[in-house]
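**Student:** Next input, structure requested:
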Amino acid sequence: MDDLFSNTGIAIHIDRDKRIKKLLNLVKQAKQAYYNEQPIISDVEYDALEDELRQILKDRGDDPDKFIPIGAEVEKNKFVKATHKIPMGSQTKCANEEEFSEWWRLHNLNNEPMVATNKLDGASLALYYENGKLVQAITRGDGVEGRDITPNAKKFVGVPLTIDETDDIAVRGECILSVENWNKVDPENEKNPRNLGTGIMGREDGTDCDKLNFIAFEICGFDFDTEMKKLRKLRDLGFDSTFYKKCDTYKDLIEFYNNTNNLRKDNAVAFNGQNFWIDGLVVKINSVQTQEKLGESSGRPKWSTALKFPSPGAITILEDIEYGVGYTGAITPVGIIKPVEIGGTTVSRVTLNNWDYIKTKNIALNDKVKVIKSGDIIPKLVDVLERPAKGRSNRIVLEEPTSCPRCGGSVGRETNTDGSDAAVLKCQNPYCEAKVIGKFKRIVDKLNILEIGESIIVAMNKSGILLNLGDLFRLENRRDEIMKLEVGNGVWGESRTDKMIEKIGEKKEMTLDMFLGILGISGLGQRRAKMIIEKGAGTMDTIDDWKSNILVKNGSDLGVPGIAQSIHDQILEMDDDITDLLDVISIKGVKKVSGVLSGKSFVLTGSMSRSRKEIEKDIEAVGGEIHSSVSKNTTYLVQADPGSVSSKSKKADKLGVKIIGEEELMEIINV
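**Tutor:** Below you'll find the predicted structure:
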């Protein structure tokens with residue numbers, strides 16, 4: 001496995017789509033191993049993989065969050081799978097102060113106070129308490145489903161088995177190994193504390209679990225108006241927390257950021273009497289009301305971000321330039337540098353972003369340049385330090401391509417909403433091989449069909465088997481031809497053809513959000529499509545609904561006010577492709593269960609005679625909806641004792657929500 005990952009974080013190949021697929025596979029492997037407590041690469045190596053992938057996807061014009069999963073599927077052979085009561089998402093990252101300044105400008109519009117905490121370098125864990133007792137500890141997993149490691153969690157330092165609180169609550173935190181315990185468990189320090197700690201966390205025999213610390217940073221189940229009150233409540237309940245600071249101004253926050261970075265020694269800072277690795281700050285808007293107003297995007301809150309510490313860098317020479325072409329036709333410049341060591345890896349290729357960046361920085365071949373791993377991650381050329389004098393060396397000015405490096409077609413830039421030229425240069429030829437092949441590859445990647453690689457897609461395209469998008473789902477009609485195709489050093493063959501046809505056949509039925517997600521529409525991934533469908537409440541349930549003007553009319557209500565028109569226009573432009581796909585693909589209807597509880601929503605709290613899941617299934621079976629917190633839209637709050645006083649019951653009283661017991665609930669269900 002070491003060979004598989006060696007130097008993968010720094011290579012950007014001319015065939016960008018091929019590089020994307022390779023990186024995506026490596027990221028998925030690393031995530032799968034990490035979230036199943038068997039890490040195979042270091043944190044820095046993983047970050048290098050993911051952020052190179054993010055940058056290439058951005059340069060191609062894609063939203064990385066459409067492609068990169070938040071977590072990973074939990075293996076079946078260890079502990080038991082468990083579903084989170086509250087999904088565990090992820091958050092955006094800012095690699096430097098410049099990126100954070102832009103984040104602040106876009107999200108903290110009213111310059112509200114922020115709360116900053118140390119960004120611990122550990123593994124996320126959720127603890128669930130009922131009637132004051134710890135009942136379950138679930139690893140992050142894919143954010144929806146993780147592994148139940150309750151026996152191990154009970155040994156962690158900082159995990160109280162009981163708390164002075166009768167409400168059902170969820171506490172999220174970081175499971176982390178201190179530097180001191182890292183040295184005890186692994187005196188040779190062959191792993192970093194994060195990877196070793198994650199491995200210990202999932203040991204079935206619980207060995208060394210008493211050396212792990214649980215540091216809490218989030219609590220759900222109460223109504224707070226500020227982030228500071230959440231953190232104080234955690235400490236009041238007996239949880240350990242890292243150092244946190246309320247910053248009233250941007251200047252205050254940057255000062256805290258710099259001071260914290262200066263305190264770091266060998267990646268660690270001291271608190272709670274031990275040293276723990278940190279790699280930045282987590283910054284959140286203090287006002288919960290503002291947090292709710294901003295919401296989230298692709299499972300990542302808009303009101304929170306990770307501000308990473310400065311990256312290591314090196315000085316080298318820019319020797320050459322290459323280009324990659326994506327399925328949208330975006331042409332990406334890649335710098336070839338004299339190999340240099342940065343953060344323990346050899347860097348030979350760096351991103352040059354786009355041609356506006358090259359012109360602004362006045363970058364040319366043979367310049368002496370500064371290269372960093374942006375956010376300790378992706379190799380990036382950030383500055384020109386010395387330009388060779390005329391006559392002493394060949395300083396070759398980089399000229400913007402006038403033709404596509406893949407097909408030779410004309411190139412140009414799209415127009416921004418303000419009338420200016422966009423930064424990304426694109427091939428204008430609709431039949432460019434990079435575009436045609438890229439569209440098929442994107443569908444295959446999104447559907448996770450590993451049996452169909454780029455080489456066979458190219459072969460089928462050249463032979464006329466794969467021309468329109470729908471042809472991908474008609475492969476059984478061309479079986480005999482596919483079997484005889486020359487791919488690589490031999491014939492594709494019968495077994496690989498049948499396996500490929502079998503796998504694509506399994507994908508011929510899909511949900512509407514999945515269908516929309518594979519189309520490659522800028523600004524519309526599967527998650528966003530699903531959100532729009534849910535917010536549409538029956539108005540966005542068919543392709544015809546999406547082709548109509550509903551999205552444009554109700555963009556704000558559907559959560560996409562700024563990009564509704566763009567999404568709508570792209571769908572209309574793809575009408576022929578959509579029609580062709582629907583000829584061979586069946587869309588599962590968005591069906592809402594109807595019944596006596598249709599239109600009614602429920603919040604459950606406290607221990608009852610049966611498991612929570614069983615009761616929730618009974619409610620949903622007759623049309624009811626389950627919510628995690630009480631709001632003005634809640635129909636019933638169900639608790640074991642309808643007369644008991646809890647924070648949820650107080651809020652229900654305040655909002656006029658009816659409080660019922662389990663017995664009354666069963667009467668309603670059985671009407």
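**Student:** From Thr139, how far out is Gly206?
**Tutor:** 14 Å (Cβ to Cβ, to the nearest Å). To be clear about C-beta, it is placed using only N, CA and C from the backbone, and glycine gets the same treatment.
**Student:** same thing with Leu294?
**Tutor:** Taken as Cβ to Cβ, the span from Leu294 to Thr139 is 28 Å.
**Student:** Same drill for these two, tell me which one is more crowded.
**Tutor:** Thr139 (28 against 17; other Cβ atoms under 10 Å).
**Student:** I'd assumed Arg147 was in contact with the more buried one.
**Tutor:** Yes. Here Thr139 reaches Arg147: they are 4.7 Å apart, a contact under Cβ atoms under 8 Å.
**Student:** Return the helix or strand in the protein with minimum mean pLDDT.
**Tutor:** helix 2-5 (a mean of 33; mean pLDDT, DSSP states H and E).
**Student:** who touches Ser287 in this structure?
**Tutor:** Ser287 makes contact with 112-113, 225-227, according to Cβ atoms under 8 Å, 6 or more residues apart in numbering.
**Student:** Look up which residues are beta-bridged to it.
**Tutor:** Beta bridges link Ser287 to Thr226 when assigned by DSSP bridges.
**Student:** Lys338 - that's part of a strand, no?
**Tutor:** Yes. The assignment for Lys338 by DSSP: H, G, I helix; E, B strand; the rest coil puts it in a strand.
**Student:** mind listing what it touches?
**Tutor:** 316-317, 319.
**Student:** Only alpha carbons, please: show stretch 286-293 as CSV.
**Tutor:** Coordinates of each C-alpha in stretch 286-293 appear next as CSV, following Å, rounded to 0.1, in the frame of the first residue of the first chain:
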residue,chain,number,x,y,z
ASN,A,286,-21.1,33.0,17.6
SER,A,287,-24.8,33.8,16.9
VAL,A,288,-26.9,30.6,16.5
GLN,A,289,-29.6,32.6,14.8
THR,A,290,-27.1,33.7,12.2
GLN,A,291,-25.9,30.1,11.8
GLU,A,292,-29.4,28.9,11.1
LYS,A,293,-30.0,31.8,8.6
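**Student:** now for the strand or helix carrying Phe256, which elements pack on it?
**Tutor:** Assigned by DSSP states H and E, Phe256 falls within helix 250-263. Contacts defined by 3 or more Cβ pairs under 8 Å, 6 or more residues apart in numbering; DSSP states H and E place helix 250-263 against helix 97-107, strand 114-120, strand 244-247, strand 274-285.
**Student:** quick one: which of those is nearest Glu476?
**Tutor:** Among those, the nearest to Glu476 by Cβ to Cβ is helix 97-107 (48.2 Å).
**Student:** Which residue ranges of the stretch 51-200 of the chain form helices?
**Tutor:** Per DSSP state H, counting those that start in this stretch, the stretch 51-200 of the chain carries helices over the ranges 64-67, 97-107, 150-153, 179-185, 193-201.
**Student:** Leu558 looks like it's in a helix, true?
**Tutor:** No. Leu558: not assigned to a helix; according to three-state DSSP it is coil.
**Student:** Regarding Val269, what is its secondary structure?
**Tutor:** Classified using three-state DSSP, Val269 is strand.
**Student:** burial measure for Asn110, as a count.
**Tutor:** 7.
**Student:** That one is in contact with Asn286, isn't it?
**Tutor:** No. In terms of Cβ under 8 Å, Asn110 does not count as a neighbour of Asn286; the distance is 11.5 Å.
**Student:** Could you check how far the closest residue to Asp225 other than its chain neighbours is from Leu294?
**Tutor:** Nearest residue to Asp225, sequence neighbours excluded (Cβ to Cβ, 6 or more residues apart in numbering): Val288, at 5.4 Å. Here Val288 is placed at a distance of 11 Å from Leu294 (Cβ to Cβ).
**Student:** now swap in Phe276 and tell me
**Tutor:** From Phe276 to Leu294 the distance is 30 Å (Cβ to Cβ).
**Student:** likewise Gln29?
**Tutor:** 34 Å.
**Student:** got a list of contacts for stretch 613-623?
**Tutor:** Here stretch 613-623 makes contact (Cβ under 8 Å, 6+ apart) with 592-600, 602, 604, 608, 625-626, 638, 662, 665, 669.
**Student:** and it, how far from the chain's centre?
**Tutor:** 30 Å (Cα atoms, centre = their mean, to the nearest Å).
**Student:** Over to stretch 287-295?
**Tutor:** Centre to centre, stretch against its chain (Cα atoms, centre = their mean), the figure for stretch 287-295 is 20 Å.
**Student:** Buried residues of it, list them for me.
**Tutor:** For stretch 287-295, a neighbour-count test (16 or more other Cβ atoms under 10 Å) marks 287-288, 290-291, 294 as buried.
**Student:** Comparing the helices of the stretch 51-200 of the chain, which comes out most buried?
**Tutor:** With neighbours taken as mean count of other Cβ atoms under 10 Å, these reach their highest mean count in helix 193-201, at a mean of 25.
**Student:** Please save the CA atoms from the helix or strand following that one in PDB.
**Tutor:** The helix or strand immediately downstream of helix 193-201 is strand 212-220, counting by DSSP H and E. Output of strand 212-220 as PDB, limited to C-alpha atoms (Å, rounded to 0.1, in the frame of the first residue of the first chain):
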ATOM      1  CA  LEU A 212      -7.300   8.400  24.300                       C
ATOM      2  CA  ASN A 213      -8.900  11.700  25.200                       C
ATOM      3  CA  PHE A 214     -12.300  12.800  24.100                       C
ATOM      4  CA  ILE A 215     -12.500  16.600  23.600                       C
ATOM      5  CA  ALA A 216     -16.100  17.900  23.100                       C
ATOM      6  CA  PHE A 217     -16.900  20.800  20.800                       C
ATOM      7  CA  GLU A 218     -20.700  20.400  19.900                       C
ATOM      8  CA  ILE A 219     -23.900  19.600  21.800                       C
ATOM      9  CA  CYS A 220     -27.300  19.000  20.400                       C
END
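**Student:** Can you say which of the helices of the stretch 51-200 of the chain is nearest to Tyr431?
**Tutor:** Taking Cβ to Cβ, helix 64-67 is the member of the helices of the stretch 51-200 of the chain nearest to Tyr431, at 24.8 Å.
**Student:** Kindly state the domain boundaries assigned to this protein.
**Tutor:** 70-308, 433-507, 510-588, 601-669 (automatic domain parsing).
**Student:** residue ranges with poor pLDDT in the stretch 551-671 of the chain?
**Tutor:** Within the stretch 551-671 of the chain, the stretches with pLDDT under 70 are 589-594, 628-629, 671.
**Student:** so what's His84 up against?
**Tutor:** 126, 138, 141, 143-146.
**Student:** Can you check the pLDDT for it?
**Tutor:** As predicted, His84 sits at a pLDDT of 79.
**Student:** quick one: it from Asn262, how far?
**Tutor:** 37 Å.
**Student:** next one: Ala30
**Tutor:** 31 Å.
**Student:** Compare the two and say which is more crowded by neighbours.
**Tutor:** Remark: of Ala30 and Asn262, Ala30 carries more neighbours, 23 against 8, as counted by other Cβ under 10 Å.
**Student:** any idea of the mean pLDDT in the helix or strand hosting that one?
**Tutor:** For Ala30, the element it lies in under DSSP H and E is helix 16-35. Helix 16-35 carries an average pLDDT of 71.
**Student:** Kindly report the same for stretch 322-341.
**Tutor:** Rounded mean pLDDT across stretch 322-341 is 88.
**Student:** picking up where we left off before, which members of the contacts of His84 occur in strands, if any?
**Tutor:** 126, 138, 145-146 (DSSP state E).
**Student:** Could you save these as a markdown table and add columns showing neighbour count?
**Tutor:** Shown next, in a markdown table, are the ones in strands among the contacts of His84 (neighbours: other Cβ atoms under 10 Å):
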| residue | neighbour count |
| --- | --- |
| Ala126 | 24 |
| Ile138 | 27 |
| Glu145 | 18 |
| Gly146 | 26 |
